[in-house]
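Let's see this in three dimensions:
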Amino acid sequence: MIKLIHGSNIQSKIENERNEANKALLSEIHGEYKNWLQKIEKLKGKSDDASINQRVLDLNSYKNFIDQQKFKKEQGNLNGFTSQSKLHSTVLEEFMHHLLIEIPKLNGKNLNFGPTNAYSNLYFSPKDLDSFENDSGLTINTKDQDYAISKEIKITTSLNSSSKVENKNIYVPVVSIECKTYLDKTMYEGSVATAEKIKRGNPYSLFLIVTETYEVDHSVDPQYSEIDQIYILRKSSQRSLPRHDIYADVVIDLFKTVESHLNSDWQNVSARIASGRVIK
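Just a heads-up that it's a prediction; the model follows:
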């Protein structure tokens, strides 16, 4: 299952917008979005560094277009779209799909790609003894993820004391990515907690943050958190001037990190013993 989250966001706004000025803005954005998709289509099936570099050039072109002040509803601008509308933030989320779907290992795989409610854990919480006799009390926790490569799994519970059967679907991520326009300390702390929960549900999941700029105090070291990597696409803080374009070398490293994770053995203790190091 594939959902182009940014394209869906634009389409939903076109269908529901009542402000004529915003309708005109959406028409502009939709036209440029279609141009971006055409450029992406030309690179289908290519995953070499040169192709990724071109994808980043095309992303920068689209980002520079949609990040124009006229499209943002801020102080002094009556028209445009707020950050809560997710019009701007979903660009990066959709780009993750266009980038990572080109990993050869994913070709033909029956997986889910895109935003998901990622499985984190389950537990049993019956209301009382009587309800526990007739109901499992199964509760499943999930965490919203901006982009994930996940597998849909059905959990079936049944009780010996009755014929009642309950089915629940969960999405177990093998790659989980949080996408940020900028990352501040509060967001970072939330992501640390999320990474811990996601990895309790699947210890072999890769957890990444992809952010355009980095606003976390440098005294905070993410090295020992459950976050596997934080990619800063513009290699700067939000306040840096002039604004840098997104760097292709960062995106290439991101691509290769995910590719390496998908190509590796997640559980192979025998091979680790042979290397002399049991823990990676």
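
got the buried residues for stretch 40-50?
For stretch 40-50, the neighbour count (16 or more other Cβ atoms under 10 Å) marks 40, 43, 47 as buried. Bear in mind the C-beta positions are built from the backbone N, C-alpha and C, glycine included.

ok, now which ones touch the residue most central in space within the chain?
Most central in the chain under Cα atoms, centre = their mean is Y147, positioned 2.2 Å from the mean C-alpha point. Y147 makes contacts with 93, 96-97, 113-115, 176-177, 179, as judged by Cβ atoms under 8 Å, 6 or more residues apart in numbering.

Which of those residues fall in helices?
Within those, membership in helices is found for 93, 96-97, as judged by DSSP state H.

Closest to P222 out of the residues you listed?
Among the ones in helices among the contacts of Y147, M96 lies closest to P222 (Cβ to Cβ), at 19.7 Å.

quick one on the thing from earlier: so which strand or helix has the residue nearest to the centre of the chain?
If you go by DSSP states H and E, Y147 is part of strand 138-158.

for N167, same thing?
Secondary-structure element containing N167, defined by DSSP H and E: strand 165-183.

thinking D228 is in contact with L208, fair?
Yes - between D228 and L208 a contact is recorded at 5.9 Å, counting by Cβ atoms under 8 Å.

Spit out the residues that contact those two alike.
Residues touching both D228 and L208 (Cβ under 8 Å, 6+ apart) are T257.

Show me which of the two is the more surrounded one.
Ranked by neighbour count (other Cβ atoms under 10 Å), D228 and L208 place L208 first, with 22 against 18.

which ones are touching the more buried one?
175-178, 227-231, 254, 257-258.

I'd guess W36 is in a helix, am I close?
Yes - W36: assigned to a helix according to DSSP: H, G, I helix; E, B strand; the rest coil.

That one and I103: what is the separation?
According to Cβ to Cβ, to the nearest Å, W36 stands 21 Å off from I103.

now do C179
Counting by Cβ to Cβ, the separation of C179 from I103 is 18 Å.

So between those two, which is more surrounded?
The neighbour comparison of C179 against I103 (other Cβ under 10 Å) goes to C179, with 24 against 20.

That one and S89 touch, don't they?
Yes - between C179 and S89 there is a contact at 7.0 Å, judged by Cβ under 8 Å.

For the stretch 151-280 of the chain, just list every one of the strands.
With strands called from DSSP state E, counting those that start in this stretch, the stretch 151-280 of the chain shows them at 165-183, 206-214, 229-232.

Mean pLDDT lowest where, among the ones you listed?
Note on the strands of the stretch 151-280 of the chain: lowest mean pLDDT is at strand 165-183, with a mean of 93.

Which residue ranges of the stretch 1-150 of the chain form strands?
Assignment of strands within the stretch 1-150 of the chain using DSSP E, counting those that start in this stretch yields the ranges 112-124, 138-158.

any chance of those in CSV, plus mean pLDDT and distance to S219?
Shown next, in CSV, are these (pLDDT from 0 to 100; distance: least, Cβ to Cβ, whole Å):
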stretch, mean pLDDT, distance to S219
strand 112-124, 92, 29
strand 138-158, 92, 27
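
I'd like those strands as a markdown table, with distance to Y247 appended.
Listed next are these as a markdown table, based on distance: least, Cβ to Cβ, whole Å:
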| stretch | distance to Y247 |
| --- | --- |
| strand 112-124 | 24 |
| strand 138-158 | 19 |
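
Check the burial of K151 by counting its neighbours.
Residues within reach of K151, counting by other Cβ under 10 Å, total 16.

Adding distance to N121, write the buried residues of stretch 40-50 out as CSV.
Below are the buried residues of stretch 40-50 laid out as CSV (distance: Cβ to Cβ, whole Å):
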residue, distance to N121
I40, 36
L43, 39
S47, 34
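
Out of the strands of the stretch 151-280 of the chain, flag the one nearest R277.
Per Cβ to Cβ, nearest to R277 of the strands of the stretch 151-280 of the chain: strand 206-214, 20.1 Å.

and the closest one with strand 138-158, angle?
Relative orientation of strand 206-214 versus strand 138-158 (axes from the mean of the first three to the mean of the last three Cα atoms, to 10 degrees): 150 degrees.

ok, strand 206-214: who's next to it in the sheet?
Its sheet considered, strand 206-214 pairs with strand 165-183 (parallel), strand 229-232 (parallel) by DSSP bridges.
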